[in-house]
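**Q** No letters, just coordinates:
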């Protein structure tokens, strides 16, 4: 079992940047990872995913070109660099992990993941 702790959220003006981190309690190299977000009154939404070794990434269309997911398995941490932030990006952001037997797989549905962090709030003001 792995525990996940997110950090890096905050309040930023539109056009600004934030870098989210997600620290895993154990070796992260066995896990495919993802970022999701949930705005008030809305369902949890997939944002980005990364394969076990970081070679494969996938993004929801609305963040392509603005967000970058990455990982450092030596530090058991994944990151999401968020640039050109918009008010519509305001949400609680969650990282998630799934034990994966394949190196190249990414997962995009909440039900695909077994472990979740507690979330970090991102607020973008206009």
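**A** Sure, I can see it. All values reported here derive from a predicted model rather than from experimental measurement.
**Q** and the residue nearest to the spatial centre of the chain, bridged to which residues?
**A** Centroid-nearest residue in the chain, with Cα atoms, centre = their mean: residue 35, separated by 2.3 Å. Beta bridges link residue 35 to residue 48, residue 95, judged by DSSP bridges.
**Q** and it, what pLDDT?
**A** On pLDDT, residue 35 comes in at 98.
**Q** cool, and residue 101?
**A** The model's pLDDT for residue 101 equals 84.
**Q** Can you give me the neighbour number for it?
**A** Neighbourhood size, residue 101 [other Cβ atoms under 10 Å]: 8. Every residue, glycine included, has its C-beta placed from N, CA and C.
**Q** repeat for residue 54
**A** Neighbours around residue 54, by other Cβ under 10 Å: 16.
**Q** May I have the phi/psi pair for the closest residue to residue 66 other than its chain neighbours?
**A** Spatial nearest neighbour of residue 66, excluding adjacent residues (Cβ to Cβ, 6 or more residues apart in numbering): residue 84 at 4.7 Å. Reported as degrees, to the nearest 10, the phi and psi values for residue 84 are phi 50, psi 50.
**Q** Begin at 59 from now on, thanks
**A** Right, with 59 as the first residue, what we last looked at is residue 142.
**Q** Surely residue 142 touches residue 70?
**A** No - in this structure residue 142 lies outside contact range of residue 70 using Cβ atoms under 8 Å: 10.8 Å.
**Q** Those two - which one has more neighbours?
**A** More neighbours surround residue 70 than the other of residue 142 and residue 70, with 17 against 13 (other Cβ under 10 Å).
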